[in-house]
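*Asks:* return a 3D structure for these sequence lines:
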Amino acid sequence: MDIITNSTPGENRTQSIRLYYGILLFWLLLNLVQAFFTELIHDEAYYYFYSTDLAWGYYDHPPMLALLIKLGSFILPGELGVRLLIVLFSVAAL
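*Replies:* Below you'll find the model as predicted:
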C-alpha cells in the first residue's frame, strides 16, 4: 500500500488508464468538432477532388489518402466526411 496516496498500485493503474482514455475521448471530440465547423482548405479540396476518381497513383500522392477520403465521404457527407478517417487515425496513433 502506498503511504502517500493510500491507494494500491492496481488502483493507480486503473486511474491512469481512465485518465488516458478520457484524454483520448476529449481529443477525438475536439477534432470532430473542428472538422465539422471548419471549411476545407485548398489542399483538402484538392485531395477530395482526386478521391472522386480513384486510381493506383496520382501526380504527387499515393492512393491511400484518396481512399481514406472516399471512405469517409461515403460514411458522412461534407467536410466531416473528408476528415473523418484522418481524425480517427490521428487519435488511434496516440
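*Asks:* and whatever helix or strand A45 lives in, C-alpha only, in CSV?
*Replies:* Using DSSP states H and E, A45 sits in helix 42-51. These are the backbone C-alpha positions of helix 42-51, laid out as CSV (Å, rounded to 0.1, in the frame of the first residue of the first chain):
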residue,chain,number,x,y,z
HIS,A,42,-7.1,24.3,-50.7
ASP,A,43,-5.1,21.1,-50.2
GLU,A,44,-8.1,19.2,-48.7
ALA,A,45,-10.3,20.3,-51.6
TYR,A,46,-7.7,19.0,-54.0
TYR,A,47,-7.4,15.7,-52.1
TYR,A,48,-11.2,15.4,-52.2
PHE,A,49,-11.2,16.1,-55.9
TYR,A,50,-8.9,13.3,-56.7
SER,A,51,-10.7,10.9,-54.3
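*Asks:* after it, which helix or strand is next?
*Replies:* helix 64-75.
*Asks:* and that following helix, what does it pack against?
*Replies:* Contacts defined by 3 or more C-beta pairs under 8 Å, 6 or more residues apart in numbering; DSSP states H and E place helix 64-75 against helix 42-51, helix 78-92. C-betas here are computed from N, CA, C, even on glycine.
*Asks:* give the buried residues for the longest one.
*Replies:* To tie it back to what came earlier, the one meant is helix 78-92. 79-87, 91 (16 or more other C-beta atoms under 10 Å).
*Asks:* one more: the first one?
*Replies:* Neighbour-count burial for helix 42-51, counted by 16+ other C-beta under 10 Å, picks out 44, 47-48, 50-51.
*Asks:* pretty sure L71 sits against L85.
*Replies:* Yes: at 6.0 Å, L71 counts as touching L85 under the criterion of C-beta atoms under 8 Å.
*Asks:* quick one: the helix holding A45 to helix 78-92, angle?
*Replies:* 100 degrees (axes from the mean of the first three to the mean of the last three C-alpha atoms, to 10 degrees).
*Asks:* contacts for helix 42-51?
*Replies:* 40, 58, 61, 65-67, 69-70, 73, 79, 82-83 (C-beta atoms under 8 Å, 6 or more residues apart in numbering).
*Asks:* same deal with stretch 80-90?
*Replies:* 28, 31-32, 35-36, 40, 44, 47-48, 68-69, 71-76.
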